[in-house]
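1. Just a sequence and a predicted model for now, questions to come.
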Amino acid sequence: MKFEELPLANPLQRAVRAVGYETPTPIQERSIPSLLEGKDLLGIAQTGTGKTAAFALPILQRLLDSGKFRSPKTCRALILLPTRELAIQVEDCFKQYAQFTAISTTCIFGGVGDAPQKRNLIRGVDVLVATPGRLLDLIGQKAVSLKKLEFFVLDEADRMLDMGFIHDIRKVVAMLPQNRQNLFFSATMPDEILKLASTILRPNPVQVEVAPQSTPIERIRQELYRIDKRRKGALLKELLAEHPEMKKVLVFCRTKHGADKIVRVLEKAGIKCAAIHGNKSQNRRQEALGNFKCEQIRVLVATDIAARGIDVDDVSHVFNYDLPNEHETFVHRIGRTARAGKEGVAISFCSPDEESDLRGIEKLTRVKIPEGDKSIYDKLPPPQKETAESMMRNSRGRMSREEAQARAAETREKHSHHGNRDNRRNNENRENSRANMNVENAQAHQNAAPVRQNQPKQENGERRHHRRNRPGSRARRRMREAQSQG
Ligand code: AMP
């Protein structure tokens, strides 16, 4: 099927061509016709399937068809998303698809001042993309009302619940007018989500399920490098230096501290990069993401939370600098590459203490990750021995403090065992040589010093005592005895 075959108005067809789409993805092919008929939709799909266009294009079409106009401080379509990044991303998509129409869009989210957002709402807006908290806040301030709403989209519903937005969602739903078209998307559909969906959707919605999680994995070329923690930075640097085709690289690590450290290592090597994580301001995160999208920086380092739902086209390589301990996260991470039918490479670093995570990931994905080119190891500095202290330092963010302390103690104990064993061995050697000496002495001095030959090994005190009994001191003792008798 081609986009031209879908009943979309000319300005939308033009926009689709302008963004470079030729054929609709499965979710688009299956959702767009029903949505254009005004039906409700329950979609089981994750990012990367093309679901944004699957709901944005028919909503835009129906907004154009309805002949209605926006009123001040209202919106006609509301798209609710869990994070600021996702909200900005989805509004970007709407803007692109609506670029040849007069449809207006805006985006509201927390963590930034609300004055510009309120200004954008004064004259009303066709499409409002929002996170729940800021939406309720602005509704409370009477900056926007939902009474004229025609289309409601709840996207990433499972994440919304994970992030504790259920009460906010219920509050928003309670404010919606009865007569509306509803779209509900979630990557997973446990009972709790289905229950929520049933409170939002009209009976018998169209159901569309696409892209089970295993599908993208088969398209992604994977490589594994077994490497100790301390040399992961050097390995990343070396791989980036050797492979100029790694153009748009997303590096995942577990901690904010770790992300900053990677950036420092790469910057030192002259590689343009930036980090996004919870400690960075919203503006810094957007700036980093923007620079990455337009390839001003080559590497974006992200923690899993900050990277949720990031949509960047053409990510050429995803690095798992640290393996995630939640194995499903691995699937989400590597799914950032090989999107929309494109090729992608995922490279995973595995340190000795991550072997069990690796096994879990391979079991979940049913893929044995092949090892990468081993000649790269020759170009790295030699491994350094891991000490108890370095284990403590490196384990930050991976293990609980207690766990790290226990492991450090284990290592110390192992070392001290080795030490004891070595000491024992040395003592044994010393004993043996002493015994040999004694045998030699015994043979050499059999007649001259019969008593000393058979002397057991003596402690210092005994030796001192023995010295007192030596012939030289006998005269002095006699003198003392004579003095005391006298
Ligand atoms: P989404 O699942 O909406 O986050 O989309 C994932 C990526 O696929 C985005 O970068 C879209 O620009 C891209 N995309 C969506 N639909 C198509 C299509 N029909 N053809 C090619 N790329 C698409």
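-> On my side now, so go ahead.
2. hey, which helix or strand in the protein has the poorest pLDDT?
-> When each helix and strand of the chain is scored by mean pLDDT, DSSP states H and E, helix 450-453 comes last, with a mean of 35.
3. just the strands in the stretch 151-300 of the chain please.
-> For the stretch 151-300 of the chain, the strands defined by DSSP state E, counting those that start in this stretch occupy 151-154, 181-186, 206-209, 220-226, 249-253, 273-276, 299-303.
4. mind checking which of those is nearest the ligand?
-> In terms of CB to the nearest ligand atom, the element of those nearest to the ligand is strand 181-186, at 9.7 Å. In this view, the C-beta of every residue, glycine as well, is placed from N, C-alpha and C.
5. would a markdown table of the strands of the stretch 151-300 of the chain with mean pLDDT and distance to the ligand be doable?
-> Putting the strands of the stretch 151-300 of the chain into a markdown table (pLDDT from 0 to 100; distance: least, CB to the nearest ligand atom, whole Å) gives the following:
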| stretch | mean pLDDT | distance to the ligand |
| --- | --- | --- |
| strand 151-154 | 98 | 12 |
| strand 181-186 | 96 | 10 |
| strand 206-209 | 92 | 13 |
| strand 220-226 | 93 | 15 |
| strand 249-253 | 94 | 14 |
| strand 273-276 | 91 | 17 |
| strand 299-303 | 92 | 15 |
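6. Output the ones you listed as a markdown table; include the columns mean neighbour count.
-> Below are the strands of the stretch 151-300 of the chain laid out as a markdown table (neighbours: other CB atoms under 10 Å):
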| stretch | mean neighbour count |
| --- | --- |
| strand 151-154 | 24 |
| strand 181-186 | 23 |
| strand 206-209 | 17 |
| strand 220-226 | 18 |
| strand 249-253 | 26 |
| strand 273-276 | 24 |
| strand 299-303 | 25 |
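7. now those strands as TSV including distance to residue 358?
-> Written out in TSV, the entries for the strands of the stretch 151-300 of the chain read as follows (distance: least, CB to CB, whole Å):
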stretch	distance to residue 358
strand 151-154	36
strand 181-186	29
strand 206-209	30
strand 220-226	7
strand 249-253	15
strand 273-276	24
strand 299-303	20
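8. if we compare those, which one ends up closest to residue 332?
-> Of all those, strand 249-253 sits nearest to residue 332, with 9.5 Å by CB to CB.
9. Could you pull up the contacting residues of the most centrally placed residue in the chain?
-> Most central residue of the chain, judged by C-alpha distance to the mean C-alpha position with CA atoms, centre = their mean, is residue 304 at 3.0 Å. By CB atoms under 8 Å, 6 or more residues apart in numbering, the residues touching residue 304 are 252, 254, 324, 329, 332, 333.
10. Okay, and which of the residues you listed map to helices?
-> Using DSSP state H, the members of the contacts of residue 304 that fall in helices are 329, 332, 333.
11. What is the nearest of the residues you listed to the ligand?
-> Distance ranking of the ones in helices among the contacts of residue 304 against the ligand, using CB to the nearest ligand atom, places residue 332 first at 12.5 Å.
12. Could you give the separation of stretch 328-336 from the chain centroid?
-> Centroid separation between stretch 328-336 and its chain, computed with CA atoms, centre = their mean, to the nearest Å, is 9 Å.
13. With respect to residue 33, which of the strands of the stretch 151-300 of the chain lies nearest?
-> Distances from residue 33 to each of these were compared using CB to CB; the minimum, 9.3 Å, belongs to strand 206-209.
14. returning to what we had before: ok, now how distant is the residue nearest to the centre of the chain from the ligand?
-> Note on residue 304: its distance to the ligand, by CB to the nearest ligand atom, to the nearest Å, is 17 Å.
15. Can you give me the distance of that residue to residue 160?
-> 17 Å (CB to CB, to the nearest Å).
16. Over to residue 46?
-> Relative to residue 160, residue 46 is positioned 14 Å away (criterion: CB to CB).
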